[in-house]
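> Please find the sequence and the predicted model below.
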Amino acid sequence: WYRQYPGKTPEFLLFISGLNTKRAAESVKSDSRFSTKLSKDKHVVDLEISSAAASDSAVYYCAVRPTVTAKPQSVY
């Protein structure tokens, strides 16, 4: 998952693999409100934001693979 605030570049948030391996950006590691969930059939990945606030207003993108970084290895 990526998040893009108005006028800003997209930023990596969360990753989950088909094996349910998870990675989080430093910006959300300490924020337990953000989580991702993989469906049982592994076809749907949900982003969950509990107690969402106005400051969470942004465009959120789901990507099949890293698409916003020049160094994909840095995402994992």
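Noted; the coordinates are in hand.

> gap between the two ends of stretch 2-14?
In stretch 2-14, first residue to last residue: 7 Å (Cα to Cα, to the nearest Å).

> how far does it sit from the chain's center?
A distance of 9 Å separates the centroid of the chain from that of stretch 2-14, by Cα atoms, centre = their mean, to the nearest Å.

> same thing with stretch 34-54?
The answer for stretch 34-54 is 9 Å, by Cα atoms, centre = their mean.

> Over to stretch 20-33?
With Cα atoms, centre = their mean, you get 8 Å for stretch 20-33.

> Could you list the buried residues of that stretch?
A24, A25, V28 (16 or more other Cβ atoms under 10 Å). Placement of C-beta: from N, CA and C, glycine included.

> now, which of those lie within strands?
A24 (DSSP state E).

> List just the nearest of the buried residues of stretch 20-33 to S39.
Comparing the buried residues of stretch 20-33 against S39 with Cβ to Cβ places A24 closest, at 19.3 Å.

> As a check, name the ranges of all strands in this protein.
2-4, 11-12, 14-16, 22-24, 34-38, 45-49, 59-61.

> Determine the set of other helices and strands touching the second one.
The reference is to strand 11-12. Contacts defined by 3 or more Cβ pairs under 8 Å, 6 or more residues apart in numbering; DSSP states H and E place strand 11-12 against strand 2-4.
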